[in-house]
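[1] kindly generate the corresponding structure for this input.
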Amino acid sequence: MRIITKKRLEHLSWLSKMELSKEEKKLFQEQLNEILEYFKKLDELDLRGVEPLYHVVELKNVFREDEPKPYDPDKILKVIPKLKGRYVKAPRMK
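    Presented below is the predicted three-dimensional model:
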């Protein structure tokens, strides 16, 4: 059974604002259906007693102390592309 029909693929490409050629539509339809078939195989696994895995790599946050440091405002203002005096000039809102 094909889950991704031609009509559904065209709708997906419209939603993603992608223009696909006939060859791309055929290729993507086949590939997406193969991926979904593989998920069906995964659904058949007996996972009773298996704890959920939220991330494959154990992550630890490394925090540093948040200490204020002195800064030179003139040095910061030099990297801003548009200034008006000592103020940042931003584009006009429409």
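[2] so how many other residues sit close to Gln29?
    Using other Cβ atoms under 10 Å, Gln29 has 20 other residues around it. Where C-beta positions appear, they are placed from N, C-alpha and C, glycine not excepted.
[3] how near is it to Lys41?
    Remark: distance between Gln29 and Lys41 (Cβ to Cβ, to the nearest Å) = 19 Å.
[4] same deal with Arg48?
    For Arg48, the distance to Lys41 - Cβ to Cβ - is 18 Å.
[5] which one's more surrounded, the two?
    Neighbour count, other Cβ under 10 Å: between Arg48 and Lys41, Lys41 has more, with 8 against 5.
[6] what sits up against the helix or strand hosting that one?
    Using DSSP states H and E, Lys41 sits in helix 22-43. For helix 22-43, the surrounding residues in contact (Cβ atoms under 8 Å, 6 or more residues apart in numbering) are Arg2, Ile3, Ile4, Thr5, Lys6, Leu9, Glu10, Ser13, Leu20.
[7] how close does the fifth one sit to Val50?
    The one in question is Lys6. 38 Å.
[8] of the two, who's got more company?
    Neighbour tally, Lys6 and Val50, criterion other Cβ under 10 Å: the higher count belongs to Lys6, 11 against 8.
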